[in-house]
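**Student:** Here is my input, please return the structure:
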Amino acid sequence: MSSSALHIDAVPYKPRLGFVGLGWIGRNRLASVVEAGVAEIAALHDPQASAAEEGHKVSPDTVLFSSFEELLHHDLDGVVIATPNRFHAEQAIAAFEHGIAVFCQKPLGRNAFETRRIVEAARNADSLLGVDLCYGAIPAMQAVSKLVESGALGKIFAVDARFHNGYGPDKAWFYDYVLSGGGCVLDLGPHLLDLALRPLGFPRVAQVQSSLFASGKLMNKGSQEIEDYAVATIETADDTVISLSCCWNLHMGSDAEIEIAFYGTEGGAALRNVNGSFYDFVAQRFDRTRTETLSSPEDSKWQWGGLVTVEWIKQLASDGSFNPKAERFVEIAELIDRIYTSCD
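**Tutor:** Numbers count the residues shown, from 1 in each chain. As a prediction, this is how the structure comes out:
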């Protein structure tokens, strides 16, 4: 194994998986699972022939199906969905109806209504549901989360969550409202909200105020334009203020700025990317003007994109039943809906 390989424990058995959607993200997750060796890759599908061919190169002995419906009849334990947002709900629900567990790219649904339907389908099928919120699994974020959860930072009263992207998605469907359901908030917001809320125990949200922009123009509430810049202030019922901002195509001088910082009465801690990287992160603890490094970029040189996928497979192998924590996906979706409907 290379130094970037996934480090995993043995699984009771290797679940039979299908992969649907073999663009860059889908192939990356497929490659991670192949390298980890925790599953039998049993089926592949992408309606675009070129993407299907590239995915088949990653797992050349796997059966390539011409339709999603055919794939569902191929004796699978689980399916990994990395298709455009428009198809997540119908494909996930169809999988659950066939007794197949689901691991889906974020956002799980284009809105809270779709997300709730998926979670209900998982519960009705008593089947495992996972969402690819990958940043929470990297070692640097784990170090920050443990500090927050331990109470060592005191009462957390402020959280800064930022995901600024120097470029936007390169697929046309992201800019089609019907296919995507939204812009940078729906694309990057699930990551930021999961990182901010999970260490806090998902407190109840009292108030949301937001501003959304499309090509520098302030958007009106209810607009179906695709926003490329957004800021939001989220106040929880226990008096924590979360300041969130995300964007595509910002003139920022680097590829990305990613940060989640927690400020408490007894100290602070933050996850930050290094030198504009999407993959290299540092975790730091703050004591007034002093900084302690908790985790260096070298600690994040794993295939971070596959960590959550592999964890879902391990859960599927040991107990593939419904996990009530899936309700958190609905809470995140509801909050994203509020960001869209609370703009000026």
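**Student:** Now do the phi/psi pair for Lys146.
**Tutor:** Dihedral angles of Lys146 (phi, psi; degrees, to the nearest 10) stand at phi -60, psi -40.
**Student:** Arg272 too?
**Tutor:** Per degrees, to the nearest 10, the backbone of Arg272 is at phi -140, psi 140.
**Student:** Pull the number of nearby residues for Ala137.
**Tutor:** When neighbours are defined as other C-beta atoms under 10 Å, Ala137 has 18 of them. Any C-beta I mention is one placed from the backbone N, CA and C, and that applies to glycine too.
**Student:** whoops, I mixed them up, Pro169
**Tutor:** Counted with other C-beta under 10 Å, Pro169 comes out at 15.
**Student:** next one: phi and psi at it?
**Tutor:** With angles defined as degrees, to the nearest 10, Pro169 sits at phi -60, psi 150.
**Student:** Test my guess that it contacts Trp248.
**Tutor:** Yes - at 7.1 Å, Pro169 counts as touching Trp248 under the criterion of C-beta atoms under 8 Å.
**Student:** anything in contact with each of these two?
**Tutor:** The contact sets of Pro169 and Trp248 overlap at Asp187 (C-beta atoms under 8 Å, 6 or more residues apart in numbering).
**Student:** wait, what's in contact with the residue nearest to the spatial centre of the chain?
**Tutor:** Centroid check for the chain by C-alpha atoms, centre = their mean gives Leu133 as the closest residue, at 2.5 Å. Leu133 makes contact with Lys106, Pro190, His191, Asp194, Val308, according to C-beta under 8 Å, 6+ apart.
**Student:** which SS class is the fourth one?
**Tutor:** Read that as Asp194. Assigned with DSSP: H, G, I helix; E, B strand; the rest coil, Asp194 falls in the helix class.
**Student:** So it versus Phe329, what's the distance?
**Tutor:** As judged by C-beta to C-beta, to the nearest Å, Asp194 and Phe329 stand 9 Å apart.
**Student:** same question, the second one
**Tutor:** Counting by C-beta to C-beta, the gap between Pro190 and Phe329 amounts to 8 Å.
**Student:** what sits in contact with each of the two?
**Tutor:** Taking C-beta under 8 Å, 6+ apart as the contact rule, the neighbours common to Pro190 and Phe329 are Leu108, Val131.
**Student:** Residue ranges of each domain in this protein, please.
**Tutor:** Domains of the chain are assigned by automatic domain parsing as 16-131+305-323, 135-302.
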